[in-house]
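Participant: Predicted model follows, preceded by the sequence.
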Amino acid sequence: MTGQAHTGRPRRLLRNLSSKIASIPMMLTAVVIFLGGTTWTVVYSFTNSKLLPRANFVGLDQYERLWDAPRWIVSIQNLAIYGALTLVFSLVMGFVLAALMDQKIRFENTFRTIFLYPFALSFIVTGLVWQWILNPEFGVQSVVRALGWTSFTFDPLYNADIVIYGVLIAGLWQGTGLVMCLLLAGLRGIDEDIWKAARVDGIPMWKTYLFIIIPMMRPVFITTLVIIASGIVKVYDLVVAQTSGGPGIASEVPAKYVYDYMFQAQNLGQGFAASTMMLVTVAIIIVPWAYLEFGGRKRV
Amino acid sequence: MSDSVALKSAPAAASKAEPWGAKPRRALSGRNIMLYGTLIVAALYYLLPLYVMIVTSLKGMPEIRLGNIFSPPLEITFEPWAKAWASACTGLNCDGLSRGFWNSVRITVPSTLISILVASVNGYALANWKFRGADIFFTILIVGAFIPYQVMIYPIVIVLREMGIYGTLTGLVIVHTIFGMPILTLLFRNYFSALPEELFKAARIDGAGFWQIYLRIMLPMSLPIFVVAMILQITGIWNDFLFGVVFTRPEVYPMTVQLNNIVNSVQGVKEYNVNMAATLLTGAVPLIVYFVSGRLFVRGIAAGAVKG
């Protein structure tokens, strides 16, 4: 339906008109919001806009200020810790769960329902529940102390050194079910004959997983990785609900930095610069993946 | 782990000329204990927060101060639920979550309908009526799905302000339609492309046009995908916090924002039971959608995972 462009030049715009009209929302979104909006923010990150956006360019000033701000440094460190551990733990836990689920078990649907339900909940709900469970006065710490271990200390949300791990526990609880589901779908896509061949050769199951199945599932793992990673960069509501960035600035994350500077500190330039840095982070994750995924295919 | 067991038992069973095939595994083999043991422990970990929410919300405050959070309530009270719904304070007002609930309903229903309508027509145009350049827009749309929302928020604020709908429900509905578009368009485009092309061609020969084919043929044939899209959008929009807080005023805050304001408001004594009741109430809608929809939800997130 695309190759007919050369026949009637004058009326080319009118051809397929309904389709074009129907696609107006998509074109506007793509061009005005996604392309235009992103460009606008990047351009204005080089200005000294405060309360209102102003086209007064000051070069890299905002970025210098950003990287000098202790709060931004803490945010980036938190994101790095949270991100690395989320990737490792959710992939490992998700894969172990998926492998267990793939053993032709009974009640598979029940288990799946249980592992996945946190994913249906919002980050706000997740954050608030774990805020309550990790509450040192009433939660896990007090329960263990009541059992007799009186010196037991586990108060991640009130200890600046480990607060990000408290957030991590909640984040993993919410997101691992999704990873399990994606990997389980990948496992189901493996040919049954591979298993039979491995069994005939007498290869133990764990070795089959490690050296045959996991390498075969590379594309699934990469897609999952990209999904988790682009979610990590956006982490915001979880921190707002669970810790509000505290104690002090110990659990701040970049997305919260952006929001606070844009809508509360009335310092738009900083907000734009910080959000541009978020964009750069995502690009670092996405571009190599897109290249491998789509760039490679053309050569074949 | 002990798959050799199955292999060894196979010849033994065959030699007896009894019903053949692999020997059924005993229910209580070491392997099964390990397998189900691990799964059950994991399941308990996942269920624990839900359990804690429920028991806490049914206790009175004196009991919470004395007991531990895992013990079941001695005296069941529904007062925290009533208070969370009707009279909990956010710092701005004291009419509980009910206001947020109705706001969320008024946000979620039109956003879901409009976003699905727009995206399904988009997907249909891309699948069956592709025009020159359509793929360029589609690529931008899909790549855009990975851009952090924070990058695009402020330009949208400006656009909505210029249109005079910044802070209103209409504005928020538009925002949800925009950000739902990449994944939904992809979903519908893939679905419509997989339908047999003969149907489309036959309808064309019979003289049906763009909208006629969409309404009479495509729409009735794709109810399952519409349900998947609805599940995706209802849970996604109900759970949204960022857009709610950026694009609405306090009077029209959605439930998640209201919940956060109730629980994390600094003034007054913390009422943990009311907080947990409020949390459960906010989680109830997506949970119900999740439990009712079952496998369709899994299908939706497999497609919608890109939204992250």
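Facilitator: Nice, I can see it. Numbers count the residues shown, from 1 in each chain, chains lettered A, B, ... in the order given.
Participant: A:Phe123 and A:Lys234 touch, don't they?
Facilitator: No: A:Phe123 is beyond contact range of A:Lys234, at 9.9 Å (criterion: Cβ atoms under 8 Å). Just so you know, the C-beta spots here come from the backbone N, C-alpha and C atoms, and that holds for glycine as well.
Participant: Among these two, which residue is more densely surrounded?
Facilitator: A:Phe123 (25 against 20; other Cβ atoms under 10 Å in any protein chain shown).
Participant: For the more buried one, give me phi and psi.
Facilitator: phi -60, psi -30 (degrees, to the nearest 10).
Participant: Indicate whether the longest helix seen in chain A makes contact with chain B.
Facilitator: Counting by DSSP state H, the longest helix found in chain A is helix A:70-101. Yes: applying Cβ under 8 Å from any Cβ of the partner chain, one finds helix A:70-101 touching chain B at A:Val96, A:Leu97, A:Leu100, A:Met101.
Participant: Would you format these as JSON lines with neighbour count, pLDDT and distance to B:His176 included?
Facilitator: Shown next, in JSON lines, are the residues of helix A:70-101 next to chain B (neighbours: other Cβ atoms under 10 Å in any protein chain shown; pLDDT from 0 to 100; distance: Cβ to Cβ, whole Å):
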{"residue": "A:Val96", "neighbour count": "16", "pLDDT": "94", "distance to B:His176": "36"}
{"residue": "A:Leu97", "neighbour count": "25", "pLDDT": "93", "distance to B:His176": "32"}
{"residue": "A:Leu100", "neighbour count": "18", "pLDDT": "92", "distance to B:His176": "37"}
{"residue": "A:Met101", "neighbour count": "21", "pLDDT": "91", "distance to B:His176": "33"}
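Participant: possible to save those as CSV with distance to A:Ile227?
Facilitator: Shown next, in CSV, are these (distance: Cβ to Cβ, whole Å):
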residue, distance to A:Ile227
A:Val96, 18
A:Leu97, 17
A:Leu100, 21
A:Met101, 19
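Participant: Low-confidence regions, the stretch 101-250 of chain B specifically.
Facilitator: Applying pLDDT under 70 to the stretch 101-250 of chain B flags no residue at all.
Participant: need the helices for it, in chain order.
Facilitator: Ranges of helices within the stretch 101-250 of chain B are B:134-144, B:149-163, B:169-194, B:197-205, B:210-213, B:219-221, B:223-239, B:242-247, based on DSSP state H, counting those that start in this stretch.
Participant: Same list, these, but as JSON lines with distance to chain A and mean neighbour count please.
Facilitator: Output for the helices of the stretch 101-250 of chain B, formatted as JSON lines (distance: least, Cβ to the nearest Cβ, whole Å; neighbours: other Cβ atoms under 10 Å in any protein chain shown):
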{"stretch": "helix B:134-144", "distance to chain A": "3", "mean neighbour count": "18"}
{"stretch": "helix B:149-163", "distance to chain A": "4", "mean neighbour count": "19"}
{"stretch": "helix B:169-194", "distance to chain A": "5", "mean neighbour count": "22"}
{"stretch": "helix B:197-205", "distance to chain A": "10", "mean neighbour count": "12"}
{"stretch": "helix B:210-213", "distance to chain A": "3", "mean neighbour count": "16"}
{"stretch": "helix B:219-221", "distance to chain A": "14", "mean neighbour count": "12"}
{"stretch": "helix B:223-239", "distance to chain A": "3", "mean neighbour count": "21"}
{"stretch": "helix B:242-247", "distance to chain A": "6", "mean neighbour count": "23"}
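Participant: The stretch 151-300 of chain A: helices as residue ranges?
Facilitator: Under DSSP H, counting those that start in this stretch, the stretch 151-300 of chain A gives helices at A:163-188, A:192-200, A:205-207, A:214-216, A:218-233, A:237-242, A:254-259, A:268-290, A:296-299.
Participant: spatially speaking, which residue is in the middle of the chain?
Facilitator: In the absence of a named chain, this looks at chain A. A:Gly231 (1.3 Å; Cα atoms, centre = their mean).
Participant: try again with chain B
Facilitator: Most central in chain B (Cα atoms, centre = their mean) works out to B:Thr235, at 2.9 Å.
Participant: Count the neighbours of the closest residue in space to that one that isn't next to it in sequence for me.
Facilitator: Nearest non-adjacent residue to B:Thr235, counting by Cβ to Cβ, 6 or more residues apart in numbering or on different chains: B:Pro286, 4.3 Å away. For B:Pro286, the count of nearby residues is 23 (other Cβ under 10 Å).
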